[in-house]
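Undergrad: Here's a sequence, model it:
(2 chains)
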Amino acid sequence: DTGVSQDPRHKITKRGQNVTFRCDPISEHNRLYWYRQTLGQGPEFLTYFQNEAQLEKSRLLSDRFSAERPKGSFSTLEIQRTEQGDSAMYLCASSLDFYGYTFGSGTRLTVV
Amino acid sequence: KQEVTQIPAALSVPEGENLVLNCSFTDSAIYNLQWFRQDPGKGLTSLLLIQSSQREQTSGRLNASLDKSSGRSTLYIAASQPGDSATYLCAVRPSNFGNEKLTFGTGTRLTIIP
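TA: The predicted structure is shown next:
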């Protein structure tokens, strides 16, 4: 068990470009979550998966955001046509049923 | 809508002191409460998880309590060390089935002075 892995750790992109982040959860965990955190704030919920099904999406997740979890394993979060307001730390977490969350180290996105 | 508040926003104490961090929440219909630690620019590390039926959990020098009816939790750190310097976040998970969203506080930034 190597914990939750996120890749890349840092991403700098120009406004208007598309970016994709990857999250590998703990292997036996069936739930996977994406959160976004801006400076000085607590993380805010974006979306979650139970196995391969995306069960809920926050209103924060605009049409430019899409998340997938093929085969209920790793997940990707894509942001299209990035904007400066998308600059944040994107955190992935996983859990087994209703137990506690385990978070990854996050991907820090900077849009210039 | 659940709201989570952490007071104080920042705290500095000399090394060796015992300290208490506070977390309050407005909706007592929670499934569990989790305390996390976050170092600058890093992800979240889980410290303690308290189920709604529990009153407290302990791990080493850390003790977390939960008073669900009053909407409060505290994190007690004994014999603080410089390595404890970090931001501490609490988060609550709602009890209604199908609602998986954690609601976080904005954290307490703790500095331990050597």
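Undergrad: In the helix or strand hosting A:L77, which residues are buried?
TA: Taking DSSP states H and E as the criterion, A:L77 maps to strand A:75-79. Residues of strand A:75-79 classed as buried by neighbour count (16 or more other Cβ atoms under 10 Å in any protein chain shown): A:S75, A:L77, A:I79. Glycine gets a C-beta too; all of them are placed from N, C-alpha and C.
Undergrad: got CSV for these, with distance to chain B and pLDDT too?
TA: Below are the buried residues of strand A:75-79 laid out as CSV (distance: Cβ to the nearest Cβ, whole Å; pLDDT from 0 to 100):
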residue, distance to chain B, pLDDT
A:S75, 14, 97
A:L77, 15, 97
A:I79, 19, 97
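Undergrad: just to revisit the earlier point, list the helices and strands the strand holding A:L77 packs on?
TA: Packed against strand A:75-79 by the contact rule (3 or more Cβ pairs under 8 Å, 6 or more residues apart in numbering or on different chains; DSSP states H and E) you find strand A:19-24, strand A:31-37, strand A:65-68, strand A:88-95.
Undergrad: confidence score at whatever residue of chain A ends up closest to chain B?
TA: Chain B sits closest to A:G42 of chain A, with a gap of 3.0 Å, by Cβ to the nearest Cβ. Per-residue confidence (pLDDT) for A:G42: 94.
Undergrad: tell me the SS of it?
TA: Put simply, A:G42 is coil when judged by DSSP: H, G, I helix; E, B strand; the rest coil.
Undergrad: That one touches B:A91, doesn't it?
TA: Yes - using Cβ atoms under 8 Å, A:G42 is in contact with B:A91, at 7.4 Å.
Undergrad: Tell me which of the helices and strands packed on strand A:75-79 sits nearest to B:G16.
TA: Nearest to B:G16 among the helices and strands packed on strand A:75-79 is strand A:31-37; the distance by Cβ to Cβ comes to 31.4 Å.
Undergrad: residues in contact with the closest one?
TA: Residues outside strand A:31-37 that contact it (Cβ atoms under 8 Å, 6 or more residues apart in numbering or on different chains) are A:23, A:25, A:43-50, A:60, A:67, A:69, A:75, A:77, A:88-97, A:101, A:106, B:100, B:102.
Undergrad: In contact with the residue in chain B that chain A sits nearest to: list those residues for me.
TA: Using Cβ to the nearest Cβ, the closest approach of chain B to chain A is made by B:F104 at 3.0 Å. Taking Cβ under 8 Å, 6+ apart, we find B:F104 in contact with A:G42, A:P43, A:E44, B:V4, B:L89, B:C90, B:A91.
Undergrad: Spell out which parts of chain A neighbour chain B.
TA: Residues of chain A lying near chain B by Cβ under 8 Å from any Cβ of the partner chain: A:6, A:31, A:33, A:35, A:40-45, A:48, A:55-56, A:58, A:89, A:91, A:93, A:98-106, A:108.
Undergrad: Mind giving me the ChimeraX select for those, buried ones only?
TA: Listed next is the ChimeraX selection for buried residues among these, using 16+ other Cβ under 10 Å:
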select /A:6,31,33,35,42,43,44,45,48,56,58,89,91,93,100,101,102,103,104,105,106,108
